[in-house]
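Q: One predicted model, sequence on top.
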Amino acid sequence: MDRSGALVAGAQVELSHGNHATVASAQSGSNGQFSFSGVASGPFELTISSSGFGTQAVSGILHPGETFVAPTVVLTVATAVTEVNVALSPVQVAEEQIKDQEKQRVLGVIPNFYVTYDPDAVPLDSKQKFKLAWKITIDPVSFAITGAIAGVQQAQNTFSGYGQGAQGYAKRLGASYADFVSGTFIGSAILPSLLKQDPRYFYKGTGTKRSRTLYALANAVICKGDHRRWQPNYSSVLGSFAAGGISNLYYPAENRNGAGLTIENGLIGVGATAAANVLQEFVVKKVTSNVPHEEPTKP
């Protein structure tokens, strides 16, 4: 019966012995009663359960030839149990994936943030695209690389209009860093946000060398959209040409040739992306730290 004294019909009653294995089961009738016959003597336990009530147990010892009358069992209302399923939103999943990407460094030093080794990586929202671009442009190694490029340009007297000495190096350094920042933000944040494209390289890692090489080269001009389907990589291509056009604003006057410089820098950007993708596919992963572990292939 329940706590109000009302009889509980249909309660499930299970009989078990000392080894806790259920040997018989029955249901209470309309009068709340139940019975078992032919029960072996010895210790036993009755487990009573019913929908909406907490489970109750009665134990005892049945002696040979004895009829055991169980005491009245009072069922109490079960404590309410609320099941809560917690799942990360797509934005939160992408945020966790970005955190993993930001740990990827070639030889443990050079940032390798714009490659994902998860073929089903969640698309980034606009805020995350700008955040990733900001992270790589302010990374100390990025400053060091642009500084080295400026040093090579100074040694070769590239952009001679900048002159030599500390002042010439400072101008080359500023131009080199401006190229890097404008190219990164335009091609990896601004245009991908407007055109809803993913700026990352999706590592393939499987197939023949030829198929992987073609895949890497093609990714200079195609990319995944935020809807996860492949499409022309307008962001990267237009970003390269846009950055090349902007460079006309700060390159020495004698080194500017308008459309020529823009086209030249744009094509260099596309070619550099293609070459970098091939390296990503065959070399970079082997020397990159904190690469996510791959799940073993199931037979």
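A: Sure thing, it's come through.
Q: ok, now how distant is the residue nearest in space to the middle of the chain from residue 104?
A: Residue closest to the average C-alpha location in the chain (CA atoms, centre = their mean): residue 97, at 3.5 Å. For residue 97, the distance to residue 104 equals 11 Å [CB to CB, to the nearest Å]. (Glycine included, C-beta is placed from N, CA and C.)
Q: Next, count neighbours for the nearest residue to residue 230 once chain neighbours are set aside.
A: Excluding the flanking residues, the one nearest residue 230 by CB to CB, 6 or more residues apart in numbering is residue 222, at 5.5 Å. Using other CB atoms under 10 Å, the number of residues around residue 222 comes to 16.
Q: Confirm for me that residue 222 is in contact with residue 232.
A: Yes - the pair residue 222 / residue 232 is scored as a contact, 6.0 Å apart, by CB atoms under 8 Å.
Q: List the buried residues for the helix or strand where residue 214 lies?
A: If you go by DSSP states H and E, residue 214 is part of helix 209-218. Neighbour-count burial for helix 209-218, counted by 16 or more other CB atoms under 10 Å, picks out 212, 213, 215, 216, 217.
Q: ok, now how distant is the closest residue to the third one other than its chain neighbours from residue 59?
A: For residue 215, ignoring the flanking residues on the chain, the nearest one in space by CB to CB, 6+ apart is residue 204 at 5.0 Å. When CB to CB is applied, the distance between residue 204 and residue 59 equals 64 Å.
Q: Could you report the pLDDT at residue 261?
A: Note on residue 261: pLDDT of 61.
Q: Got the domain ranges for this protein?
A: Using automatic domain parsing, the domain ranges for the chain come out as 1-79, 90-289.
Q: could I get the helix holding residue 214 in PDB with only the CA atoms?
A: C-alpha atoms of helix 209-218 as PDB (Å, rounded to 0.1, in the frame of the first residue of the first chain):
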ATOM      1  CA  LYS A 209      50.900  11.200 -53.300                       C
ATOM      2  CA  ARG A 210      49.400  12.500 -56.500                       C
ATOM      3  CA  SER A 211      45.900  12.900 -55.100                       C
ATOM      4  CA  ARG A 212      47.200  14.600 -52.000                       C
ATOM      5  CA  THR A 213      49.400  16.900 -54.100                       C
ATOM      6  CA  LEU A 214      46.500  17.900 -56.400                       C
ATOM      7  CA  TYR A 215      44.400  18.400 -53.300                       C
ATOM      8  CA  ALA A 216      46.900  20.700 -51.700                       C
ATOM      9  CA  LEU A 217      47.400  22.700 -54.900                       C
ATOM     10  CA  ALA A 218      43.700  23.000 -55.500                       C
END
